[in-house]
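Visitor: Output the structure for:
(chains A and B)
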Amino acid sequence: GNSVTQMEGPVTLSEEAFLTINCTYTATGYPSLFWYVQYPGEGLQLLLKATKADDKGSNKGFEATYRKETTSFHLEKGSVQVSDSAVYFCALRASYDKVIFGPGTSLSVIP
Amino acid sequence: DGGITQSPKYLFRKEGQNVTLSCEQNLNHDAMYWYRQDPGQGLRLIYYSQIVNDFQKGDIAEGYSVSREKKESFPLTVTSAQKNPTAFYLCASSIEGTGGRNEQFFGPGTRLTVL
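Guide: Residues are numbered from 1 along each chain as shown, chains lettered A, B, ... in the order given. Take a look at the predicted model:
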């Protein structure tokens, strides 16, 4: 079946550090890929998405590229801020199937 | 503004009581979903509905019930049969267009505490 694997957290970075959160997936066909962010006590917000191979999703300085050859969708940001502290979920959706979420990666950014 | 509303934000109930969580969306989305999230954990799907008057069990449906009488509403009832109901409950919706690979949009969540 379809699945999503994310790097284990928690991740702690200093402000202005470079961020990478790894995400790999297993799916048949051509799923859409997503990154969601969850701030404490809130619902999930869509951060970015990509719907086909080699697409790059970007938002608020975050980027991720849909790599079909390596079945990956790693999240990156060049310079993190304290306000980026949150839990990040990688997810996929195959055609007319339910969304599959990864377990989430907690990020803490310290001043 | 279009979006998903969940009420209340915090809910307290005594053990053995049924409780209903509200979820309303004005996005004109076809599909709606209920997830449960425990502290430090990911999301687990409880129920989902792709069309009015139809719904399917997710991965952890036991002890829960839903209805979908209107497109914009998808209430979740946590029954006394649910052994560990204390959790954060998230409602989501999505538009089911061509290809069926669209993203979900989430409400702000309801934190249920059973005393």
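Visitor: Show the pLDDT at the residue of chain A found nearest chain B.
Guide: Chain B sits closest to A:Tyr96 of chain A, with a gap of 3.3 Å, by CB to the nearest CB. Where you see a C-beta, it was placed from the backbone N, CA and C, and this is true even at glycine. pLDDT, A:Tyr96: 78.
Visitor: now A:Thr70
Guide: pLDDT for A:Thr70: 96.
Visitor: Nearest residue to the residue of chain A positioned farthest from its centre in space, please, no chain neighbours.
Guide: In chain A, counting by CA atoms, centre = their mean, A:Pro111 sits farthest out from the average C-alpha position, at 23.0 Å. Spatial nearest neighbour of A:Pro111, chain neighbours left out: A:Glu15 (5.4 Å); criterion: CB to CB, 6 or more residues apart in numbering or on different chains.
Visitor: need the residues of chain A near chain B, please.
Guide: A:31-32, A:34, A:36, A:41-46, A:49, A:51, A:89, A:93-99, A:101-104, A:106 (CB under 8 Å from any CB of the partner chain).
Visitor: now, which of those residues lie within strands?
Guide: Using DSSP state E, the subset of those located in strands is A:Ser32, A:Phe34, A:Tyr36, A:Leu44, A:Gln45, A:Leu46, A:Lys49, A:Phe89, A:Arg93, A:Phe101, A:Ser106.
Visitor: The fifth one: what's it in contact with?
Guide: Read it as A:Gln45. Going by CB atoms under 8 Å, 6 or more residues apart in numbering or on different chains, A:Gln45 touches A:Tyr36, A:Val37, A:Gln38, A:Tyr39, B:Phe106.
Visitor: Which of those are buried, as a ChimeraX select command?
Guide: In ChimeraX syntax, the buried subset of the contacts of A:Gln45 is picked out as below (16 or more other CB atoms under 10 Å in any protein chain shown):
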select /A:36,37,38 /B:106
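Visitor: pLDDT score for the residue of chain B found nearest chain A?
Guide: Nearest residue of chain B to chain A: B:Gly100, at 3.3 Å (CB to the nearest CB). In this model, B:Gly100 is scored at 77, pLDDT.
Visitor: give me the number of residues near it?
Guide: 16 (other CB atoms under 10 Å in any protein chain shown).
Visitor: Could you verify that it is part of a strand?
Guide: No - under DSSP: H, G, I helix; E, B strand; the rest coil, B:Gly100 sits outside any strand and is assigned coil.
Visitor: If we ignore the residues flanking it in sequence, what's nearest it?
Guide: A:Tyr96 is the one closest to B:Gly100 (CB to CB, 6+ apart), at 3.3 Å.
Visitor: Can you tell me the centre-most residue of chain B?
Guide: B:Trp34 (2.7 Å).
Visitor: quick one, what contacts the residue lying closest to A:Phe73 once chain neighbours are set aside?
Guide: Leaving aside its chain neighbours, A:Phe73 sits nearest to A:Leu33 (4.4 Å; criterion: CB to CB, 6+ apart). Applying CB under 8 Å, 6+ apart, we find A:Leu33 in contact with A:Cys23, A:Tyr25, A:Lys49, A:Ala50, A:Thr51, A:Gly57, A:Ala64, A:Tyr66, A:Phe73, A:Cys90, A:Ala91, A:Leu92.
Visitor: where does chain B dip in pLDDT?
Guide: By pLDDT under 70, the low-scoring segments of chain B are B:1, B:97-99.
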